[in-house]
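**Student:** Here is the input, now give the coordinates:
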Amino acid sequence: MKLSCLQENLSHGLGIVGRAVATRTTLPITNNILLATDQSRLKLTATNLEIAIVHWIGAMVEEEGALAVPAKLFTEYVNSLKPDKMELVLPPATRSLQTKCGRSEARISGQDADDFPPIPEVADGIQATIAAGELAKAISHVVFSAAQEDTRPVLTGINTELDGDTITLAAADGFRLAVYKCKLDQPVATKTSVIIPARTLNELHRLLAGQEEPVSITINTEKNQALFQLQSIRLVSQLIQGAFPNYDQLIPKGFTTRTTIDRAEFLGAVKTASIFARDGSGIVRLQITPGPELTPGKIVVSARAEELGDNQGELDGVVSGEATKIAFNSKFLQDVLSVLPSPQVALETTTGSSPGVIKPVDSDAYIHVVMPMFVQW
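**Tutor:** Residues are numbered from 1 along each chain as shown. Predicted coordinates:
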């Protein structure tokens with residue numbers, strides 16, 4: 001292998017694929033990044049056997065070749081160099097990569113490229129295309145609601161349903177549920193549903209920044225792998241096997257109180273209350289009171305810690321229905337209010353012991369259900 005490329009391009013590419021490098025593994029080769037020439041480009045590949053990321057960068061290729069190099073060492077070395085043309089040379093019948101950038105030279109011992117795990121092609125199956133911005137928005141609205149612990153593996157993933165020209169993402173952790181719907185560029189031929197690991201979608205969301213071309217999604221016929229094709233990046237992920245809960249049953253079908261409130265003001269009041277809620281089991285209390293005819297209603301946001309103190313903030317809002325009291329986990333409220341772009345949000349409640357629903361007032365694309373906290377008023 002003999003090629004040259006720009007240091008800044010190589011550094012950027014290593015940052016893209018580096019998130020897929022295995023950290024704890026019984027297969028040491030996955031601690032490496034595979035460098036390979038590919039049609040006058042340099043292909044970078046990393047995998048932890050759950051996800052794989054492949055990225056291509058421009059290069060002047062003189063001789064073909066491939067080598068797996070230690071990810072941490074190679075990335076730190078490249079990042080330490082000044083922007084300049086970088087030369088990579090792998091002499092025949094060796095596993096020692098020689099590099100030169102400006103006045104800096106190094107020799108890096110690698111491993112045979114044939115020992116690197118093959119990356120699945122995922123060429124056949126259900127295929128869909130979606131605008132990068134729409135997919136990024138959908139992921140950001142639901143991924144934080146997935147479970148962090150794998151006691152129920154299906155809840156660590158995002159249920160992804162493709163039906164006609166609609167894609168629906170749903171995440172739940174047993175305490176909250178987030179559902180987001182958006183349009184595909186073209187309808188899919190067959191309705192299908194799979195569970196994509198939340199970590200995969202977190203990585204995909206990071207890669208979508210600055211992406212202008214539509215994203216191609218392919219789910220293989222066995223429904224155990226998914227491919228996301230970006231402009232110069234390919235992400236392949238294993239899918240979670242199992243049955244996702246029937247979340248439609250968890251969404252309340254009605255309410256007795258509907259409160260429309262300024263999102264930024266609501267988020268600010270919850271953040272302030274969360275300072276006191278930290279020592280009070282994270283509980284934020286809401287007291288909602290309708291106003292007299294043609295006047296705003298009132299929402300009191302409060303929290304207290306027995307030994308440290310308490311706080312209370314008052315907001316105006318449009319309240320229809322009955323006066324009510326309900327308490328939520330402060331983090332759950334902050335998570336959902338932080339991702340909603342709508343200036344106004346609606347909070348729908350039934351009783352203090354029933355789930356609350358938060359949604360933007362200007363869109364039907366998103367719904368968020370939060371279980372209440374049980375408190376003594």
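**Student:** Could you point out which residue ranges in the stretch 251-377 of the chain have low pLDDT?
**Tutor:** 280 (pLDDT under 70).
**Student:** Please parse this protein into its domains.
**Tutor:** Each domain of the chain is listed here as a residue range: 2-115, 126-248, 251-370, per automatic domain parsing.
**Student:** can those go into CSV with extra columns for distance to Trp377 and mean neighbour count?
**Tutor:** The way it works is simple: take the backbone N, C-alpha and C, and place the C-beta from them, glycine included. Rendered in CSV, the data for these read as follows (distance: least, Cβ to Cβ, whole Å; neighbours: other Cβ atoms under 10 Å):
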stretch, distance to Trp377, mean neighbour count
domain 2-115, 46, 17
domain 126-248, 21, 18
domain 251-370, 6, 18
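**Student:** The closest residue in space to Thr257 that isn't next to it in sequence: what's it in contact with?
**Tutor:** Ranked by Cβ to Cβ, 6 or more residues apart in numbering and with sequence neighbours excluded, the top spatial neighbour of Thr257 is Gly321, at 3.9 Å. Going by Cβ atoms under 8 Å, 6 or more residues apart in numbering, Gly321 touches Phe255, Thr256, Thr257, Arg258, Pro290.
**Student:** now do Phe228
**Tutor:** Taking Cβ under 8 Å, 6+ apart as the criterion, Phe228 is in contact with Leu204, Val215, Ser216, Ile217, Arg234, Leu235, Val236, Ser237.
**Student:** ok, Ala172 touching Leu250?
**Tutor:** Yes: using Cβ atoms under 8 Å, Ala172 and Leu250 qualify as a contacting pair, with a distance of 7.3 Å.
**Student:** so of the contacts of Phe228, which ones are in helices?
**Tutor:** Among the contacts of Phe228, DSSP state H puts Leu204 in helices.
**Student:** Go through the contacts of Phe228 and name the one nearest Gln7.
**Tutor:** Distances from these to Gln7 were compared by Cβ to Cβ; the smallest belongs to Arg234, at 23.3 Å.
**Student:** Name the helix or strand for the residue nearest to that closest one when sequence neighbours are not counted, please.
**Tutor:** Once flanking residues are discounted, Arg234 sits nearest to Val54: 4.3 Å by Cβ to Cβ, 6+ apart. Take DSSP states H and E as the rule and Val54 turns out to sit in strand 51-58.
**Student:** Show me what that strand is packed up against.
**Tutor:** Strand 51-58 sits against strand 2-6, helix 7-17, strand 41-47, helix 198-207, strand 233-238, with contacts defined as 3 or more Cβ pairs under 8 Å, 6 or more residues apart in numbering; DSSP states H and E.
**Student:** 6 Å instead, please
**Tutor:** helix 7-17, strand 41-47, strand 233-238 (3 or more Cβ pairs under 6 Å, 6 or more residues apart in numbering; DSSP states H and E).
**Student:** returning to what we had before: could you measure from the residue nearest to Arg234 over to Glu121?
**Tutor:** Val54 sits 11 Å away from Glu121, taking Cβ to Cβ, to the nearest Å as the criterion.
**Student:** Gln241 now?
**Tutor:** The value you get for Gln241 to Glu121, if Cβ to Cβ is used, is 20 Å.
**Student:** for Glu213, same thing?
**Tutor:** Summarising the geometry, the distance separating Glu213 from Glu121, computed by Cβ to Cβ, is 20 Å.
**Student:** Please name the residues that touch Glu348.
**Tutor:** For Glu348, the contact set (Cβ atoms under 6 Å, 6 or more residues apart in numbering) comprises Phe255, Arg258, Val357.
**Student:** Spatially nearest residue to it, not counting backbone neighbours?
**Tutor:** Take Glu348 and drop its neighbours on the chain: the residue closest to it by Cβ to Cβ, 6+ apart is Phe255, 3.8 Å away.
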